[in-house]
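Asks: Need a 3D model of the sequence below.
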Amino acid sequence: MSNSIDGVGMPDGWQRLWAPHRLDYLRGENRPLDGNDVACPFCRIPTLKDEEGLIVHRGSNAYVVMNLYPYNPGHLLICTYRHVPDLTDLSDEERNEISALTAHAMTTIRKVSQPEGFNLGMNQGAISGAGVAQHIHQHVVPRWSGDANFMPIIGKTKVLPQLLHLTRDEIAAAW
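Replies: Predicted coordinates for the structure are as follows:
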C-alpha cells in the first residue's frame, strides 16, 4: 500500500494496533523525563501505604506493585528500592530478589486468576521502550487466550474486568 493520503490509517499487512489513549503517557504524564518536574514514581511508591501505592509485597531489596497502566489484569512490576537504571547496576542480592519475586508473582497470579501464560520483561533504556528508564523494573504480565480481542482495535478500549485496588488486594492476600 502506498503512503498516500487516502491510505492513511487503513489496515494493511502489518496488522498495526493503534492505542492513541497512551499518547499523554508517552509524552511524559506521570513519568520523570528531562524537562519536567515529575519525581521518580518507583522511588515515591515505597513511601506510601501498601494499599495507597498499590504495593502487593515488600522485600528486602525490591517490591512488587500493580502497574498503573496495565496491559492485562494482574500486570505487576518488580522494582528495586535503589534508583538505578540498568541490570548491570544491580547487586547480586538485588538481581536474585527480582528473580525470586518474579517467580513468586507468577505462582501467586496462577492461584488468583489462572492465566495461560506470562510475558516477562525489562526494557533497558528509553529507546527500548522503558517508560521510566531511570529506575529498573521487571514486568510480569499474565496472558490468556483471546486477551487481545476486538475492543482495543475497534473500540479503542482495553477491558480490564477489575479495579486495580481489588486486584491488588487479591494478589496481596494470596502472596
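Asks: After the helix or strand of the chain with the lowest mean pLDDT, which helix or strand is next? Please name it.
Replies: Ranked by mean pLDDT, DSSP states H and E, the weakest helix or strand in the chain is helix 150-154, scoring a mean of 53. Where DSSP states H and E defines the elements, the next helix or strand beyond helix 150-154 is helix 164-174.
Asks: buried ones in stretch 85-98?
Replies: For stretch 85-98, a neighbour-count test (16 or more other C-beta atoms under 10 Å) marks 90, 94-95, 97-98 as buried. In short, each C-beta sits where N, CA and C put it, glycine included.
Asks: Just send those back as a markdown table, with distance to residue 40, secondary structure and pLDDT too.
Replies: What follows is the buried residues of stretch 85-98, written out as a markdown table (distance: C-beta to C-beta, whole Å; DSSP: H, G, I helix; E, B strand; the rest coil; pLDDT from 0 to 100):
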| residue | distance to residue 40 | secondary structure | pLDDT |
| --- | --- | --- | --- |
| 90 | 16 | coil | 97 |
| 94 | 16 | helix | 98 |
| 95 | 20 | helix | 97 |
| 97 | 19 | helix | 98 |
| 98 | 17 | helix | 98 |
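Asks: Identify the farthest-apart pair in those.
Replies: Greatest spatial distance in these: 90 and 97, 9.2 Å, computed using C-beta to C-beta.
Asks: Which residue comes closest to the most centrally placed residue in the chain once chain neighbours are left out?
Replies: Central residue of the chain (C-alpha atoms, centre = their mean): residue 67, 4.5 Å from the mean position. Leaving out its chain neighbours, the residue that sits closest to residue 67 by C-beta to C-beta, 6 or more residues apart in numbering is residue 75, at 4.3 Å.
Asks: Same question for residue 86.
Replies: Using C-beta to C-beta, 6+ apart, the nearest residue to residue 86 is residue 124, at 5.8 Å.
Asks: Who are the contact partners of the one you found?
Replies: Contacts for residue 124 (C-beta atoms under 8 Å, 6 or more residues apart in numbering) come out as 85-87, 130, 133, 136.
Asks: again with residue 62
Replies: 78-81, 94, 97-98, 101.
Asks: Any regions of this protein where pLDDT drops low?
Replies: 1-38, 148-159 (pLDDT under 70).
Asks: Let's see that with 50 instead.
Replies: 1-6, 15, 154 (pLDDT under 50).
Asks: Please enumerate the strands of it.
Replies: 55-58, 62-66, 76-80, 117-121, 137-143 (DSSP state E).
Asks: okay if I get the ones you listed as TSV plus distance to residue 45?
Replies: Below are the strands of the chain laid out as TSV (distance: least, C-beta to C-beta, whole Å):
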stretch	distance to residue 45
strand 55-58	7
strand 62-66	6
strand 76-80	7
strand 117-121	20
strand 137-143	10
